[in-house]
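Novice: Using only what follows, build the 3D model:
(2 chains)
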Amino acid sequence: MSADLFLTVFVAGVAAGTVFLFAAVGEIITERAGVLNLGLEGMMLVGAVTGFLVNHQFRQLWLGVLAAVVAGGALGLLHALLVVSFRTNQVVTGLTLVIFAGGLSGYAGESVVGVAPPATFEPVAIPLLSAIPVLGRVFFRQNPLVYLSYGLVVATWFWLFKTRPGLNLRSVGESPETADAVGISVTRTRYAAVVAGGGFAGLAGAYLSLAQSPSWVPNMTAGRGWIAIALVIFATWSPVRAVFGAYVFGCVEALGFRLQAVGVDIPSFFVSMLPYLFTIVVLVVISRDTARRRLAAPASLGNAYVREER
Amino acid sequence: MSATTAALRPRLVKRLLPSRATRLAVRIGAVAAAFVAAALFLLLAGNPIGPVFSALWSGSFGSAYGQAQTILAAIPLVFTSLAVAIAFRMLLWNIGAEGQFYFGAFGAAAVAYAWPEWPGPLLLTAMVLGGMLGGALWALVPGALRAYLGVNEIVPTLLLNYVAILWVDYLVNTAWRDPESLGFPLGVPFSAQATLPQLGDTAVHAGAIIAVIAALVIAVILRKTIWGYKIKVIGENRRAARYAGFSITRNIVGVMLLSGALAGVGGMVEVSGTVHRIQADISPGFGYTGIIVATLARFSPLLILPVALLFGALITGGVELQTIGLPSDIVLMLQGTILFFALAGELLVHYRIEWRRQAQTGSEGEPGAAGRAHPGAMPSGT
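Specialist: Numbers count the residues shown, from 1 in each chain, chains lettered A, B, ... in the order given. Below is the predicted model of the structure:
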């Protein structure tokens, strides 16, 4: 394999990894507050179709992105309502959300299946930075949403670990009893975290339907939401480590197709299996490090907080 | 902090013994509420609701053809729901029934294509075994990872669905492709011996009987056998199970094998009884709908039968929707909404809502929040 092939894989890997990055950063915020959101896949689908429809209607890419964030956040609100206020089981609720949102996105997007979008996000070279050898081409000749992801990762990291509200959010995820005792509203914090995570998932969906593969196809996320959930564990709930993981997963997705493009004879069915199998392998490898991962996981993850029963 | 700001506010009071009647009422209420919510949604989206519900009805229970189709859709659902339920009895989330269903269909088809001339009863039995083996193997991977390496099963079972579907897709596009399929991803039709017989002169095939037997067998295993008792103890109290000397790893693997085998028989029954060949899209999400059915049936094998029938009706009703030009996706939304209401309604099973006029005292953030904790309250979550 030539060096150039590697370079194109990295370029495509960052582009393909960004969808995982958006979704995983959102899930990290949600899980850091102690709520598991398995509905990611469904929220991404609704984000993808919303972004596509709005762009289709108004020829406004950024309006599409904004609408996708709002749609994802709305589903987040539904998840929060159920798991925080109604104290439902977070696993079943998330799964049901995937089924519900899958249907909703299919219903909403029925008229635009296979329709070409009026505008798409195209790569833009950043002056100076894009001139850096190798790195410039990999990181600074991407589409604007990729640049947005760089900013959001840094902002999320800073907010979670260097600000008071971020500390409050993490304390709600670690020990809601303590947080409650010092006057932090567990309910409000969790609602905000789930809605924010949903917004990020919507953004991930819009990235898919407006930038990565500009189109609307039912179930076009094809399991990427689930891979993002695995990525959160891999990243031990850190947005910065999620960057690395997202690009690794992106490169795996890109690699198969590049190999095919240069004439390696693998049926496309097996190429498509690669990301799923790779994710399972990664989960196995990181399972050897159980102790560290258990310490990193928010202690109250998955549990409803019932003040009367603490 | 004046005592006169008395507002009527809801408070949740735990019921110590949730009654069976409330439970049933909440579930039926959830289905009704979901239909009302769906009607509102359709109205807001500008769809006529009359034709939608009449299509759902005539496509499912309202006609002889619809009734047969409903049962045909309920059969695979029973198997995937049983697969989810038995795993959940041990607090394992098998989200992979969809993939195990496909692998069961693959196993059954492999047998059907290898020995098409065997006599019917022998071939069908071998196909059931092939289906069980395929499904069990597919569930063994995440089961063993969970048992021996502690890898949570949710994501692996789910991701393997995509792999199994791609595998079947590959086969029906290559080795098993029907030369007369005109480019569609269809396998070669099964021989007559490889097709499950019809029941009388109905469109329903013998898979219906296998489904009922499977539900009965699982119910007996759970209630009357030592294995069932072990599953129950491990599911409810892992520490107690360990003290009792039950091998948790071995039981996780065993339950996942059984779970996968059940979903696999579902795949066999579907290709042998309904589709009569293997093809790319043999399931409209039976594995996922099975999660909803199993949850609504409270993971009880016998309750799964009627609930699967209801959801079979929704699936076939959804097909009918397409004839009036609406996407069958509406049915997926309806399925999700039913479970949302049922889950939310669970709160009413476990808690009583008391409306109280209570003066703000200022010492507590919310009125009476810390007042009445029940010392013996059960841990939350089912």
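Novice: CA only for contacts and neighbour counts going forward, please
Specialist: Will do.
Novice: need the contact list for B:Val78.
Specialist: Residues near B:Val78 by CA atoms under 8 Å, 6 or more residues apart in numbering or on different chains: B:Ala211, B:Ala215, B:Gly266, B:Gly290, B:Ile304, B:Leu305, B:Ala308.
Novice: Restricted to helices, list those residues.
Specialist: Judged by DSSP state H, those include B:Ala211, B:Ala215, B:Gly266, B:Gly290, B:Ile304, B:Leu305, B:Ala308 as members of helices.
Novice: got the contact list for the third one?
Specialist: It refers to B:Gly266. Applying CA under 8 Å, 6+ apart to B:Gly266 gives the contacts B:Ile75, B:Pro76, B:Leu77, B:Val78, B:Phe79, B:Thr80, B:Phe101, B:Gly104, B:Ala105, B:Gly131.
Novice: which residues does the closest residue to the first one other than its chain neighbours contact?
Specialist: The shortest distance from B:Ile75 to any residue that is not its chain neighbour, by CA to CA, 6 or more residues apart in numbering or on different chains, is 5.7 Å, and that residue is B:Ala208. Taking CA under 8 Å, 6+ apart as the criterion, B:Ala208 is in contact with B:Ile71, B:Leu72, B:Ile75.
Novice: Please render those residues as JSON lines that adds neighbour count and secondary structure to the earlier fields.
Specialist: Shown next, in JSON lines, are the contacts of B:Ala208 (neighbours: other CA atoms under 10 Å in any protein chain shown; DSSP: H, G, I helix; E, B strand; the rest coil):
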{"residue": "B:Ile71", "neighbour count": "25", "secondary structure": "helix"}
{"residue": "B:Leu72", "neighbour count": "24", "secondary structure": "helix"}
{"residue": "B:Ile75", "neighbour count": "28", "secondary structure": "helix"}
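Novice: between the residues you listed, which is closest to A:Leu75?
Specialist: The closest of those to A:Leu75 turns out to be B:Ile75 (CA to CA; 32.2 Å).
Novice: The closest one is in contact with B:Ala211, isn't it?
Specialist: Yes: with contact defined as CA atoms under 8 Å, B:Ile75 reaches B:Ala211; the gap is 6.1 Å.
Novice: Tell me, how many residues neighbour B:Trp176?
Specialist: Using other CA atoms under 10 Å in any protein chain shown, B:Trp176 has 22 other residues around it.
Novice: Show me what from chain A comes close to chain B.
Specialist: Contact residues, chain A versus chain B (CA under 8 Å from any CA of the partner chain): A:82, A:86-89, A:93, A:96-97, A:99-104, A:106-107, A:110, A:222-223, A:226-227, A:229-230, A:269-270, A:272-273, A:276-277, A:280, A:283-284, A:287-288, A:303-304, A:307-309.
Novice: List buried residues within the residues you listed.
Specialist: Neighbour counting with 16 or more other CA atoms under 10 Å in any protein chain shown marks A:82, A:86-89, A:93, A:96-97, A:99-104, A:106-107, A:110, A:223, A:226-227, A:229-230, A:269, A:272-273, A:276-277, A:280, A:283-284, A:287, A:303-304, A:308-309 as buried within the residues of chain A next to chain B.
Novice: Identify, from the ones in helices among the contacts of B:Val78, the entry nearest to chain A.
Specialist: Taking CA to the nearest CA as the measure, B:Gly290 is the one of the ones in helices among the contacts of B:Val78 closest to chain A, at 11.1 Å.
Novice: what's around that closest one, how many residues?
Specialist: 30.
Novice: mind checking pLDDT for the closest residue to it other than its chain neighbours?
Specialist: Leaving aside its sequence neighbours, B:Gly290 sits nearest to B:Ser81 (CA to CA, 6+ apart; 4.1 Å). Residue-level confidence at B:Ser81 comes out at 97, pLDDT.
Novice: what are the ranges of the helices in the stretch 101-250 of chain B?
Specialist: Applying DSSP state H, counting those that start in this stretch to the stretch 101-250 of chain B gives helices spanning B:120-149, B:154-173, B:207-224, B:226-236, B:238-243, B:248-269.
Novice: weakest of those by average pLDDT?
Specialist: Across the helices of the stretch 101-250 of chain B, helix B:238-243 gives the lowest mean pLDDT, at a mean of 84.
Novice: And that helix, what does it pack against?
Specialist: helix B:226-236, helix B:248-269 (3 or more CA pairs under 8 Å, 6 or more residues apart in numbering or on different chains; DSSP states H and E).
Novice: B:Arg357 falls within a strand, correct?
Specialist: Yes: counting by DSSP: H, G, I helix; E, B strand; the rest coil, B:Arg357 is part of a strand.
Novice: ok, for it, nearest residue in space, not its chain neighbours?
Specialist: Counting by CA to CA, 6+ apart, B:Leu8 is the residue found nearest to B:Arg357 once chain neighbours are left out, at 4.4 Å.
Novice: buried ones in the host helix or strand of that neighbour?
Specialist: Assigned by DSSP states H and E, B:Leu8 belongs to strand B:6-14. By neighbour count with 16+ other CA under 10 Å, strand B:6-14 contains the buried residues B:Arg11, B:Val13, B:Lys14.
Novice: low-scoring stretches of the stretch 101-250 of chain A, by residue?
Specialist: Along the stretch 101-250 of chain A, no part satisfies pLDDT under 70.
Novice: Which parts of it are helices?
Specialist: Remark: helices assigned in the stretch 101-250 of chain A by DSSP H, counting those that start in this stretch are A:135-139, A:144-162, A:164-174, A:176-181, A:186-207, A:224-234, A:239-261.
Novice: Could you pull out the buried residues of the fourth one?
Specialist: Yep, that's helix A:176-181 we're talking about. A:Pro176, A:Glu177, A:Ala179, A:Asp180.
Novice: if I look at the third one, how far off is A:Leu301?
Specialist: Right, A:Ala179. 14 Å (CA to CA, to the nearest Å).
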